[in-house]
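With the sequence up front, the predicted model follows.
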Amino acid sequence: MLAGRSLPIVLSSAALFATWFGSETVFGASSEFLKGGLYNVIEDPFGAALCLVLFGMFFARRLYTMNLLTLGDFFKIRFGKKTELTASIFLAPPYIGYIAAQLVAMGLILNVLTGMAVWQGVVISACIVTLYTYVGGMWAISITDFVQSIIIIAGLLVLAIILANKAGGVDVILKEVPSSDFRFFPKMEIKEIVLYFAAWSVLGLGSIPSQDVFQRAMSSGSAKTAVWSCYIAAGMYLTIAMLPLFISLCTKHLYPAQVSGDTQLTLPNMVLAHTAMPIQILFFGSLLSAIMSTTSSAILAPAAIFSENIIKPLASTRFSDKQFLILTKISVLLFSVLATIMACLRSNIYELVGESSILSLVSLFAPLVFGLYWRRASNTGAMLSMILGMLTWIIFEVYDTSWPSLVPALFVSMVAMVAGSLTWPNKENIEYDKNRT
């Protein structure tokens, strides 16, 4: 699960960098950038980089010194077994849709390149990623992430240089970009400021209480390595994620016809139509590498939570280390099979990701932060925070208001955490107050 907590800073940084760098970053961010400039890509890559910086500054060292196996273990130690189970239910199952979305993306790429049916590409992709995740766990993921990161950077960098030279240089490309596309801050209007905050928060705050970020950081060889890996990965993510944006500008300049349809297909269509075979190999190799890096950790994360924080506490027998290892490996296969079936039955990546994104921000962020930094945070407060935050998010999603649902849901979650902890404090907090008096 944690690669023996032995990863050097190079492998740890590569693993953290690869957390979200997949089809969404290459296709989604470049598409949004063409539509609305930098302001449209606050969520990713800027929010993703913010998450890693904040995790390194405020969470990595404290969580590392607690010697936890999963993020669910934090909720068990801090708030008890009931909170552990509730938090784990919020953490693990939603990964199925997210894994399925990554498998569909790989299936579609293989379909474009080879002509094989999408479901066949899905199954082949699932078998490859599951094989090395099953055999080597977090250690295998970290090694492959390191190699895949090199391929990602090389592929995107070479493509960017070639296209920039064809266009006459970087200056020529940037001069054509309207100044409005470089707008980064919101207008001084309440609603736009709230939407701006929400865009930063989706990944910037919402991915802090996630098992995949936790797992990659806690696999580091030391607390110091965990902290610095977060900072290095944030810098890498923000820098490398600029390449797809720049490539999309080059494409718009050189081949304007390519951006007239679905802008998500702009880059792959341009590469297939206007580049030589070696460049195609580099680009699609880097894209497949990016998606595989995301998929492998997305499979291991819920498997770890499911075995450690759901099956293990509910089982009537005590597992030996060997039995627990087998249980975790079976869990890897279980989540992979479920995601593969879902990916074969449904092929809409956007819907799969959307349905899997029950934001950890609105349920787990407040209990994690207050649990780490506020001694009075109580078990009841944590339960109320998770449940009321999630219910508020669901209500606002159902009624589909023009305001982002995560903002009121996060507010309710934090208020519930404070109010519940003060109204129903833990026994040790009551004793502490009596002694002080």
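Right, received. Where do you want to start?

Double-check I77 against M66; I have them as touching.
Yes. In terms of CB atoms under 8 Å, I77 counts as a neighbour of M66; the distance is 7.0 Å. For glycine as for every other residue, the C-beta is placed from the backbone atoms N, C-alpha and C.

buried ones in stretch 136-155?
When burial is assessed from 16 or more other CB atoms under 10 Å, stretch 136-155 yields the following buried residues: 137-146, 148-149, 151-153, 155.

And the helices in the stretch 1-150 of the chain?
9-17, 23, 30-36, 48-54, 60-65, 71-79, 81-91, 95-114, 118-167 (DSSP state H, counting those that start in this stretch).

can I get those helices in TSV with distance to I394?
What follows is the helices of the stretch 1-150 of the chain, written out as TSV (distance: least, CB to CB, whole Å):
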stretch	distance to I394
helix 9-17	31
helix 23	27
helix 30-36	26
helix 48-54	23
helix 60-65	28
helix 71-79	21
helix 81-91	12
helix 95-114	16
helix 118-167	30
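
of all those helices, which lies closest to V332?
When the helices of the stretch 1-150 of the chain are ranked by proximity to V332, the top entry is helix 118-167, at 5.1 Å, counting by CB to CB.

Tell me which helix or strand comes right after that closest one, heading toward the C-terminus.
helix 170-175 (DSSP states H and E).

for that following helix, which positions count as buried?
Across helix 170-175, burial judged by 16+ other CB under 10 Å covers I173.

So what touches the following helix or strand past that helix?
Using DSSP H and E, the helix or strand that follows helix 170-175 in sequence is helix 190-204. When contacts are taken as CB atoms under 8 Å, 6 or more residues apart in numbering, the neighbours of helix 190-204 outside the stretch itself are 20, 42-44, 46-48, 50-51, 54, 185-186, 359, 361, 402-404, 406-407, 410.

need the next SSE after helix 190-204, C-terminal direction.
Toward the C-terminal end, the helix or strand that comes next after helix 190-204 (DSSP H and E) is helix 211-218.

Give me the packing partners of that next one, helices and strands only.
Using 3 or more CB pairs under 8 Å, 6 or more residues apart in numbering; DSSP states H and E as the contact criterion, the elements in contact with helix 211-218 are helix 9-17, helix 60-65, helix 71-79, helix 118-167, helix 223-240, helix 277-305.

what's the most buried one of those helices?
Here the criterion is mean neighbour count by mean count of other CB atoms under 10 Å, and of the helices and strands packed on helix 211-218 the winner is helix 9-17, at a mean of 25.

In terms of secondary structure, what does it contact?
In terms of contacts (3+ CB pairs under 8 Å, 6+ apart), helix 9-17 is packed against helix 118-167, helix 211-218, helix 223-240.

how distant is that helix from the center of its chain?
Centroid displacement of helix 9-17 relative to its chain, using CA atoms, centre = their mean, to the nearest Å, is 15 Å.

Next, the angle helix 211-218 makes with it.
Relative orientation of helix 9-17 with respect to helix 211-218: 170 degrees, computed using axes from the mean of the first three to the mean of the last three CA atoms, to 10 degrees.

continuing past helix 9-17, what's the next helix or strand?
Scanning forward in sequence from helix 9-17, with DSSP H and E defining helices and strands, the next element found is helix 23.

what helices or strands is that following helix leaning on?
helix 277-305.

Pull out the buried positions in the following helix or strand past the helix it packs on.
For helix 277-305, the following helix or strand on the C-terminal side (DSSP H and E) is helix 312-314. Under the neighbour-count criterion of 16+ other CB under 10 Å, helix 312-314 has K312 buried.

Please enumerate residues in contact with helix 312-314?
By CB under 8 Å, 6+ apart, the residues outside helix 312-314 that reach it are K76, K81, E84, L85, F319, F324, L327.

Kindly reformat these as TSV containing pLDDT and distance to T423.
Conversion of those to TSV gives the following (pLDDT from 0 to 100; distance: CB to CB, whole Å):
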residue	pLDDT	distance to T423
K76	95	23
K81	92	22
E84	94	22
L85	94	22
F319	90	38
F324	92	38
L327	94	39
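
just the buried members of the residues you listed?
For the contacts of helix 312-314, a burial check counting by 16+ other CB under 10 Å picks out K76, E84, L85, F324, L327.

which one of the helices and strands packed on helix 211-218 lies closest to L338?
Closest approach to L338 among the helices and strands packed on helix 211-218 (CB to CB): helix 277-305, 9.7 Å.

From the rest of the structure, what touches stretch 156-169?
Among residues not part of stretch 156-169, those counted as contacts by CB under 8 Å, 6+ apart are 26, 170, 173, 240, 243-244, 246-247, 250-251, 253-254, 271, 275, 279, 282-283, 286.

again with stretch 382-390
75, 78-79, 82-83, 86-87, 90, 358, 362-364, 366-367, 370-371, 409-410, 412-414, 416-417, 419-421.

For the stretch 301-437 of the chain, just list every one of the helices.
Secondary structure of the stretch 301-437 of the chain, counting by DSSP H, counting those that start in this stretch: helices at 312-314, 321-345, 349-356, 365-373, 379-399, 406-423, 427-436.

Could you give the average pLDDT over the third one?
It refers to helix 349-356. Averaging the model's pLDDT scores along helix 349-356 yields 50.

Ok, the fourth one next?
Averaged across helix 365-373, the pLDDT comes to 96.

what angle do it and helix 71-79 make?
For the pair helix 365-373 and helix 71-79, the angle between their directions (the same axes, to 10 degrees) equals 60 degrees.

and what of the longest one?
Comparing the axes of helix 321-345 and helix 71-79 via the same axes, to 10 degrees yields an angle of 120 degrees.

What lies in contact with helix 321-345?
Residues lying outside helix 321-345 but in contact with it, judged by CB under 8 Å, 6+ apart, are 1, 95-97, 99-101, 103-104, 107, 119, 122-123, 126, 129-130, 133-134, 137, 299-300, 302-304, 306-308, 311-312, 319, 352.

Could you rerun that using 7 Å?
Outside of helix 321-345, the residues that reach it under the criterion CB atoms under 7 Å, 6 or more residues apart in numbering are 1, 95-97, 99-100, 103-104, 107, 119, 122-123, 126, 130, 133-134, 299-300, 302-304, 306-307, 311, 319.

quick one, which of the helices of the stretch 1-150 of the chain is nearest to F214?
Judging the helices of the stretch 1-150 of the chain by CB to CB, what sits closest to F214 is helix 71-79, at 4.5 Å.

Now do V362, the pLDDT please.
According to the model's per-residue confidence, V362 sits at a pLDDT of 91.

cool, G155 as well?
According to the model's per-residue confidence, G155 sits at a pLDDT of 87.

so how far is Y98 from the spatially closest residue to Y95 that is not a sequence neighbour?
Closest residue in space to Y95, ignoring its immediate chain neighbours: P302 at 3.9 Å, by CB to CB, 6 or more residues apart in numbering. Separation of P302 from Y98 (CB to CB, to the nearest Å) stands at 9 Å.
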